[in-house]
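>>> Got a predicted structure plus its sequence, pasted below:
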Amino acid sequence: MSHDEVERYARHVLIPDVGMEGQRRLTNARVLVVGAGGLGSPALIYLAAAGVGTIGVVDADLVETSNLQRQVVHGVEDVGRLKTESAQESVASINPLVRVIRHDVRIDSTNALEIIADYDVVIDGTDNFPTRYLLNDACVLLGKPDVWGSIYRFDGQVSIWWAQHGPCYRCLFPEPPPPGQVPSCAEGGVLGVLCAAIGSIQAAEAVKLILGIGDPLIGRLIVHDALRQSWDTLTVRKDPECAVCGEVPSVTALVDYEDFCAVTLPTVDGMPGGSVPAAAGVAVPIISARELADLLPADGAPADVVLLALASSAL
């Protein structure tokens with residue numbers, strides 16, 4: 001390392017578990033951050049400060065004013081710009097020795113394997129189920145560790161999914177929740193500073209994996225409650241029947257994750273069903289009283305339609 005690098009990373013070099021060799025590992029490492037948002041922001045900042053040599057950033061969104069409450073890698077002057085462009089400049093201002101590779105795309109099953117293959121560690125900073133399952137499956141197929149984080153209102157979760165050494169995301173969540181059951185941050189909100197707590201843990205876990213030190217969050221899931229300021233650890237075990245990393249996997253290639261994370265509505269007497277994306281609410285078929293009367297038998301015979309009376313407070 002150069003004299004400037006030794007000076008910059010002096011506090012790392014002083015740590016016996018890091019030292020010069022560990023800092024060289026960081027310099028040679030390649031970390032992919034998917035999502036330059038609430039979780040990606042602190043992860044990017046601390047990875048850059050730590051001296052991770054190459055950082056990839058995947059995001060196709062533009063910076064919006066509502067992002068600034070938590071996405072600290074962006075500023076007021078960045079509103080309207082690509083998040084990857086803004087993040088690249090922020091990283092350069094923190095550590096010009098770090099190389100940033102921008103992926104100004106929406107990662108999906110057509111490009112995920114190609115993008116992820118070039119990196120050592122993936123940090124999942126996304127906020128939707130299709131991309132979480134996509135990243136998990138891609139990392140399983142490529143043998144990469146997936147440092148996952150999730151936030152909602154005052155609650156956060158962190159774990160590492162690495163099928164070669166422990167469970168994957170599908171081991172814990174074999175199926176996505178029904179659409180509309182779990183609101184997004186855009187729908188339910190999130191405490192801005194919570195992102196720093198969870199995103200910085202993701203960055204720390206990535207650094208530990210690169211250095212080969214400590215006890216990474218493989219097989220463990222941390223649950224954080226910012227209101228109680230509590231941290232709980234849950235044990236997560238590998239599922240031998242997991243669809244993607246089990247003994248006889250049924251998922252051996254990437255699939256359509258928008259379709260996988262959607263619910264199919266049944267066809268009811270000519271009213272077509274369909275798939276509703278997980279990001280949207282479940283569309284409820286509506287019929288008129290006259291249409292309902294036509295569905296009910298006039299002779300009092302058992303009906304194919306079940307009527308449920310709901311109190312107004314349940315609507």
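It's in.

>>> Strands along this protein, start to end?
Per DSSP state E, the chain carries strands over the ranges 30-34, 54-58, 99-103, 121-124, 146-152, 155-161, 220-225, 230-235, 263-265, 274-276.

>>> Which of those strands sits closest to residue 242?
Checking these against residue 242 by C-beta to C-beta gives strand 155-161 as the closest, at 10.7 Å. Quick note: C-beta positions are derived from backbone N, CA and C, even for glycine.

>>> average pLDDT for that closest one?
Averaged across strand 155-161, the pLDDT comes to 97.

>>> Report the angle between that strand and strand 220-225.
Following axes from the mean of the first three to the mean of the last three C-alpha atoms, to 10 degrees, one obtains 170 degrees for the angle between strand 155-161 and strand 220-225.

>>> tell me the phi and psi of the closest residue in space to residue 81 that isn't next to it in sequence?
Leaving aside its sequence neighbours, residue 81 sits nearest to residue 63 (C-beta to C-beta, 6 or more residues apart in numbering; 5.5 Å). Main-chain dihedrals, residue 63, degrees, to the nearest 10: phi -70, psi 130.

>>> Now that residue 63 has come up, it's in contact with residue 79, right?
Yes. If you go by C-beta atoms under 8 Å, residue 63 and residue 79 touch, sitting 5.2 Å apart.

>>> out of these two, which sits in the busier spot?
Neighbours were counted for residue 63 and for residue 79 using other C-beta atoms under 10 Å; residue 63 has more, 25 against 15.

>>> Identify the residues contacting residue 80.
Counting by C-beta atoms under 8 Å, 6 or more residues apart in numbering, residue 80 makes contact with 62, 63.

>>> Please read off the pLDDT at it from the model.
98.

>>> got it, and residue 189?
pLDDT for residue 189: 87.

>>> For the spatially most central residue of the chain, give me its contacts.
For the chain, residue 126 is the residue whose C-alpha lies nearest the centre (C-alpha atoms, centre = their mean; 3.4 Å). Residue 126 sits next to 34, 35, 132, 135 when contact means C-beta under 8 Å, 6+ apart.

>>> Hmm, the first one is touching residue 134, no?
So the one you mean is residue 34. No. Using C-beta under 8 Å, residue 34 is not in contact with residue 134; the gap is 9.3 Å.

>>> joint contacts of these two?
residue 107.

>>> With respect to residue 295, which of the contacts of residue 126 is nearest?
residue 132 (39.7 Å).

>>> ok, the closest one touching residue 149?
No. Counting by C-beta under 8 Å, residue 132 does not reach residue 149; the two are 10.1 Å apart.

>>> Who has more neighbours out of the two?
residue 149 (28 against 23).

>>> show me the contacts for that one.
39, 123, 124, 125, 156, 157, 158, 198, 199, 201, 202.

>>> can we see that at 6 Å?
39, 158, 198, 202 (C-beta atoms under 6 Å, 6 or more residues apart in numbering).

>>> Then residue 43?
33, 123, 199, 202, 203.

>>> where does the stretch 201-315 of the chain dip in pLDDT?
The model of the stretch 201-315 of the chain has pLDDT under 70 over residues 263-292, 298-315.

>>> Could I get the full set of helices for it?
Assigned by DSSP state H, counting those that start in this stretch, the helices in the stretch 201-315 of the chain fall at 257-260, 289-295.

>>> tell me what the first one is packed against?
Yep, that's helix 257-260 we're talking about. Judged by 3 or more C-beta pairs under 6 Å, 6 or more residues apart in numbering; DSSP states H and E, helix 257-260 is in contact with helix 129-142.

>>> tell me the angle of the helix it packs on relative to strand 30-34?
Using the same axes, to 10 degrees: helix 129-142 against strand 30-34 is 160 degrees.

>>> Just send the strands of the chain back as CSV, with distance to residue 84 too.
Formatted as CSV, these follow (distance: least, C-beta to C-beta, whole Å):
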stretch, distance to residue 84
strand 30-34, 10
strand 54-58, 5
strand 99-103, 4
strand 121-124, 15
strand 146-152, 19
strand 155-161, 24
strand 220-225, 28
strand 230-235, 32
strand 263-265, 32
strand 274-276, 30
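
>>> and of these, who's closest to residue 295?
So among those, strand 263-265 is nearest, using C-beta to C-beta, at 16.9 Å.

>>> Next, the contact list for the spatially closest residue to residue 174 that is not a sequence neighbour, please.
Excluding the flanking residues, the one nearest residue 174 by C-beta to C-beta, 6+ apart is residue 243, at 6.7 Å. Contacts for residue 243 (C-beta under 6 Å, 6+ apart) come out as 170, 250, 251.

>>> gap between residue 243 and residue 50?
Remark: distance between residue 243 and residue 50 (C-beta to C-beta, to the nearest Å) = 35 Å.

>>> now swap in residue 32 and tell me
15 Å.

>>> More neighbours: which of those two?
Per other C-beta under 10 Å, whichever of residue 32 and residue 50 has more neighbours is residue 32, with 27 against 23.

>>> Beta-bridge partners for that one, please?
Counting by DSSP bridges, residue 32 forms beta bridges with residue 56, residue 122.
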